[in-house]
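A predicted structure for the sequence below; I have some questions about it.
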Amino acid sequence: MGADPRFFPSRGPLALSAVAEAAGVALAEGGDRLFTGVAPLDLAGPGEIAFLEGRRMMAQLRETRAGAVLVAAAMAQDVPEGCIALVTEQPQLAYARVAALFHPRRAPVPGIHPTAHVAPDARIGEGTEIGPFAMIGAGAEIGAGCIIGPHVTVGAGCVLGPGSELRAHASMEYCIAGAGVVLAQGARVGNEGYGFVTTATGEHVTMPQIGRVILGDRVEIGANSCVDRGAGGDTVLGPGTRLDNLVQIGHNVKTGRGCVIVAQVGIAGSAELGDFVVIAAQAGLVGHIKIGSKARIGAQAGVMNDVPAATDVVGSPAWPARETMRAFARLRQLAAPKKDGTPGGTP
Amino acid sequence: MGADPRFFPSRGPLALSAVAEAAGVALAEGGDRLFTGVAPLDLAGPGEIAFLEGRRMMAQLRETRAGAVLVAAAMAQDVPEGCIALVTEQPQLAYARVAALFHPRRAPVPGIHPTAHVAPDARIGEGTEIGPFAMIGAGAEIGAGCIIGPHVTVGAGCVLGPGSELRAHASMEYCIAGAGVVLAQGARVGNEGYGFVTTATGEHVTMPQIGRVILGDRVEIGANSCVDRGAGGDTVLGPGTRLDNLVQIGHNVKTGRGCVIVAQVGIAGSAELGDFVVIAAQAGLVGHIKIGSKARIGAQAGVMNDVPAATDVVGSPAWPARETMRAFARLRQLAAPKKDGTPGGTP
Amino acid sequence: MGADPRFFPSRGPLALSAVAEAAGVALAEGGDRLFTGVAPLDLAGPGEIAFLEGRRMMAQLRETRAGAVLVAAAMAQDVPEGCIALVTEQPQLAYARVAALFHPRRAPVPGIHPTAHVAPDARIGEGTEIGPFAMIGAGAEIGAGCIIGPHVTVGAGCVLGPGSELRAHASMEYCIAGAGVVLAQGARVGNEGYGFVTTATGEHVTMPQIGRVILGDRVEIGANSCVDRGAGGDTVLGPGTRLDNLVQIGHNVKTGRGCVIVAQVGIAGSAELGDFVVIAAQAGLVGHIKIGSKARIGAQAGVMNDVPAATDVVGSPAWPARETMRAFARLRQLAAPKKDGTPGGTP
């Protein structure tokens, strides 16, 4: 079973030759056969294309009813009879391209919805769609070909590059954003950072937060995630960085290119990430530390110090992954009851 | 002191006989006595009804000024003089029913607010209330007797069952929901999942997310929680499942009936929960694991493997609860200073 | 480089004498010199004022191009030539006051936006600004000099004190709030708490949540944070308490004055905090515990028991900080490989 046409109309049926071209796959035969769409291996029918990446779903492969499957060469012999093997080194990537062939991202429907409020001096690019109850502030600039969803707020003076999409209830303030940026539902960009000074009598005096948020091209921010603006100087997310949902980014954080920041991660103020850093879900980083390029932070890790490039850390407080795994295994061993019922193994 | 009538008007005063009937309590005498509402044991006055569950609040029971108290038989003798003991096996459940008698859920005020935007081909059920600035997309179907709050977005093609309530700023897209569903303030349902494939040069290519969210009857989703739609196939929350606030549900997660998922929990893609699973606050589950029915996951646990049915796990990484408690006690013992100041007890 | 004038217009240039007065700094000479604004030490130019607190940025101080720097007396000799040292015991606090001199908080622009919806019987204070698509419910009272941002919901019967600010997409229901209160973007106040009773057959019966939220003067709630209303009785945040983003506050939680609750913290129902408690990011507190005044809870801590006043705890489960640090160091030692490759040091 493929995508529900109420939500995801398909451009299909399409000939297998077109599919193969999108996937970058050489096709021996069957190029005229028509396919209606894509579906997961266990749900696909004879008119649909599936994929297998790695070995976890091998059992599903052998039983699939899919009409064609994108697979690595090593698995091609496991494709069941009647199903066409589309051989590629990167089945999942090829599948992403085929899925986008059948279900391209929705194009903007140019125009401003009658219920929207656009400031007279805001500039709206050609072909851009402004949805119901959207609010575009004074002097804001929205690029061409954008989709501004329902109930979106774009604050005064903001700049949003072409081909961007702000989904329902997202808000953007004090922000300069590049091309192809995505804010998911309820994402909050440009909030006042958590900055104040406490007096001797316990009064919290707000530190004016007078920096911006700079979003590079193709930055994506997940649903209900928060990116605070800089205190002085900017908060910067580098090109291609993607945040999942419910992520917290403090003031003056800086990331390089292509960072991957999974759900419910929190990064405190002024932390700096290199390129292609991966931070797994629910991890936390204290402020003012530096994470080297291609470092990987484990889920729920608590990172309190700099992490060198290309290094994996896990745990809270975070240590190098190998050392942490050894420590927990050791603790388990020490805590295991001995035969006489007293605690613990010998060291 | 009972509920503030500005916010929670009471249907009282009501006779104790009506209260007892709602509570399922047999009443020997005093059925004509009038009560104005309910209140906690320490705040209730002579015209109000309170309850005691368990033994924690015994001191409050002895000093209560409540006119009547719902209690288990074993505590009835501790009810102070002048206070009527309403004996029941489940005092808290009985109290919930009595509280709902005085303060029933607000009924919808049928009609569409003049500021709302409803697509011409959307279907709105009888007796449903559509609030200010609500946005109902093309072809959406809203059942009878629903309350759609202010600033709510219902995306094109969505289906919402009768008697449901979408509170202020909630959004629902790509979703088929049953009867009696509740989305709290700012809940996000149907977001694009965090799915992409990274090329050799570090570019993140979006995997089209072409599945839906299926919400069973009486599913409730807390404030600012997020439920991503399926990548291919659906994300499914079974009937009666309740999410607290700020919860993250990844694409293609499936839960059974009546699961309880407390605040700030994160469940990664394609994890599957049986029926009546309980996940305490801030716990995290990695993707593609299976949690058996009636399993219980401790607060802040990090679950990296399948959990059998009816099993308790705690800790990060999560272990069986008993083993973890023993390990931490052992660690504490090993780290305690010896009398000579050097670290640690002997194993 | 100072603040971007598109977003943060400056009241400058201002004479150094005015700056010194705002900072509470005695000035020997140069009072006529003009400054355009403030900036961080590493970004400030000759027309801007910076500050140094502590020793971490000493290298930046020696190389700063700032025209003047707020510093403690001990660092004054390290201020480079041509830069004026403004000596104060609290440089960061002085900087906050100077920054606010150049960039005071935006004043409300009195009036109700034509797209807003204000109930006929709501009372709006003098000089208050109501933004686009704001919704003010029946009988609500908004004080004087408030800013109600775009897409804000204020529920029926709510009371908001003078000088408060509700930013874009914030919602407030069942709430009585003092003066100078701030709700950041997407903050949710007054949600139904996570209260239900489960029957023997697994049905979750909602416990009516008929309490309020009481916010003291100057309470601030971060972006997308959630504060549930009381179940019976109230949820109370004491004066000056500040919540960062994505914080969860359960029903009937009570805090004292000036508490500091950092991003992604979760506090379960009926927990009580004294005055000036600090809870670092991602920590969690179970319900019904008491945290003494000036206690400090570490990041990611899991607090399961009462914490005495002025006590530091860390870890999950949380222990006194010193004991936890010792335990982790001990574990690391026990798990370190011996020279022969077998695990662990001797105890």
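Looks like it arrived, so ask away.

switch to C-alpha atoms for all contacts and neighbour counts from now on
Noted.

partner residues bridging A:F35?
Note on A:F35: beta-bridge partners A:L14, judged by DSSP bridges.

contact partners for it?
Taking C-alpha atoms under 8 Å, 6 or more residues apart in numbering or on different chains, we find A:F35 in contact with A:G12, A:P13, A:L14, A:A15, A:L16, A:G47, A:E48, A:I49, A:G67.

again, but for A:L243
A:L243 neighbours (C-alpha under 8 Å, 6+ apart): A:E220, A:I221, A:G222, A:S225, A:V260, A:I261, A:V262, A:A263.

so what's the backbone phi/psi at the fourth one?
In other words, A:S225. Dihedral pair for A:S225: phi -80, psi 160, per degrees, to the nearest 10.

now swap in the second one and tell me
Torsion angles at A:I221 (phi, psi; degrees, to the nearest 10) stand at phi -120, psi 130.

and the third one, by the same measure?
Backbone torsions of A:G222, given as degrees, to the nearest 10, read phi -70, psi 180.

count of neighbours near it?
Neighbourhood size, A:G222 [other C-alpha atoms under 10 Å in any protein chain shown]: 28.

distance check, it against A:A39.
24 Å (C-alpha to C-alpha, to the nearest Å).

which residue does the stretch 101-250 of chain A bring closest to chain B?
Using C-alpha to the nearest C-alpha, A:D244 is the residue of the stretch 101-250 of chain A that sits closest to chain B, at 6.0 Å.

can you give the contact residues for the host helix or strand of A:A94?
A:A94 is located in helix A:91-102, with elements delineated by DSSP states H and E. Contacts with helix A:91-102, where a contact means C-alpha under 8 Å, 6+ apart, come from A:10-12, A:19, A:22-24, A:36-38, A:50-53, A:70-72, A:88, B:196-199, B:205-208.

do the same with stretch A:12-27
A:30-37, A:86-88, A:94-95, A:97-98, A:101-102.

quick one, which of those residues are buried?
Among the contacts of stretch A:12-27, those classed as buried by 16 or more other C-alpha atoms under 10 Å in any protein chain shown are A:34-37, A:86-88, A:94-95, A:97-98, A:101-102.

got the contact list for the residue of the stretch 101-250 of chain A closest to chain B?
Each residue near A:D244 by C-alpha under 8 Å, 6+ apart is listed here: A:I221, A:G222, A:A223, A:S225, A:I261, A:V262, A:A263, A:Q264, B:Y194.

restricted to strands, list the contacts of helix A:91-102.
A:G37, A:V38, A:A50, A:F51, A:L70, A:V71, B:F196, B:V197, B:T198, B:V205, B:T206 (DSSP state E).

can the helix ranked longest in chain A be found next to chain B?
Longest helix of chain A, by residue count under DSSP state H: helix A:321-335. Yes. Residues of helix A:321-335 contacting chain B under C-alpha under 8 Å from any C-alpha of the partner chain: A:L331, A:R332, A:L334, A:A335.

surely the third one and B:A329 touch.
Right, the one you point to is A:L334. No. With contact defined as C-alpha atoms under 8 Å, A:L334 does not reach B:A329; the gap is 10.8 Å.

and the next helix or strand past the helix holding A:A94?
Helices and strands here follow DSSP H and E; after helix A:91-102, the next one along the chain is strand A:111-112.

returning to what we had before: can I get the buried part of the contacts of A:D244 as one PyMOL selection?
Entered in PyMOL, the line below selects the buried ones among the contacts of A:D244, by 16+ other C-alpha under 10 Å:
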select buried, (chain A and resi 221+222+223+225+261+262+263+264) or (chain B and resi 194)
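
okay, the contacts of A:D244 in a markdown table with pLDDT next?
Formatted as a markdown table, those follow (pLDDT from 0 to 100):
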| residue | pLDDT |
| --- | --- |
| A:I221 | 98 |
| A:G222 | 98 |
| A:A223 | 98 |
| A:S225 | 98 |
| A:I261 | 98 |
| A:V262 | 98 |
| A:A263 | 98 |
| A:Q264 | 98 |
| B:Y194 | 97 |
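
near chain C too, which of the contacts of A:D244?
A:Q264.

follow-up on the earlier one: can you tell me which two in the ones in strands among the contacts of helix A:91-102 are farthest apart?
Greatest spatial distance in those: A:G37 and B:T198, 22.6 Å, computed using C-alpha to C-alpha.

any idea how far A:I249 is from the nearest residue to A:N245 once chain neighbours are set aside?
Of all residues not flanking A:N245 in the chain, A:G222 sits nearest, at 4.2 Å (C-alpha to C-alpha, 6 or more residues apart in numbering or on different chains). Separation of A:G222 from A:I249 (C-alpha to C-alpha) stands at 12 Å.

same deal with A:V303?
According to C-alpha to C-alpha, A:V303 stands 15 Å off from A:I249.

of those two, who's got more company?
Remark: of A:V303 and A:I249, A:I249 carries more neighbours, 29 against 24, as counted by other C-alpha under 10 Å.

what does the stretch 201-347 of chain A put close to chain C?
A:202-208, A:210-212, A:224, A:226, A:232-233, A:246, A:248, A:264, A:266, A:284, A:302, A:316, A:323, A:326-327, A:330-331, A:347.

filter the residues you listed to the buried ones?
A:203-204, A:206-208, A:210-212, A:224, A:226, A:232-233, A:246, A:248, A:264, A:266, A:284, A:302, A:316, A:323, A:326-327, A:330-331, A:347.

now for the residue of the stretch 201-347 of chain A at minimum distance from chain B, how many residues are close by?
Closest to chain B within the stretch 201-347 of chain A is A:A335: 4.9 Å, counting by C-alpha to the nearest C-alpha. A:A335: 24 surrounding residues under other C-alpha under 10 Å.

go on, A:R56?
Quick note: A:R56 (other C-alpha under 10 Å) scores 9 neighbours.

give me the distance between it and chain B.
Distance from A:R56 to chain B, counting by C-alpha to the nearest C-alpha, to the nearest Å: 10 Å.

residue closest to the middle of chain A?
The residue lying closest to the centre of chain A (C-alpha atoms, centre = their mean) is A:R242, at 4.0 Å.

for the nearest residue to that residue once chain neighbours are set aside, give the beta-bridge partners.
Nearest residue to A:R242 in three dimensions, chain neighbours excluded: A:E220, at 4.7 Å (C-alpha to C-alpha, 6+ apart). A:E220 has these beta-bridge partners by DSSP bridges: A:V182, A:R242.

isn't A:E220 up against A:L183?
Yes. Using C-alpha under 8 Å, A:E220 makes contact with A:L183 at a distance of 5.9 Å.

what residues go with each domain of chain A?
A:14-102, A:111-252 (automatic domain parsing).

closest one to B:G216 among those?
So among the domains of chain A, domain A:14-102 is nearest, using C-alpha to C-alpha, at 20.8 Å.

and A:G127, how many neighbours does it have?
18.

doesn't it lie inside a strand?
No. Using DSSP: H, G, I helix; E, B strand; the rest coil, the assignment for A:G127 is coil, not a strand.
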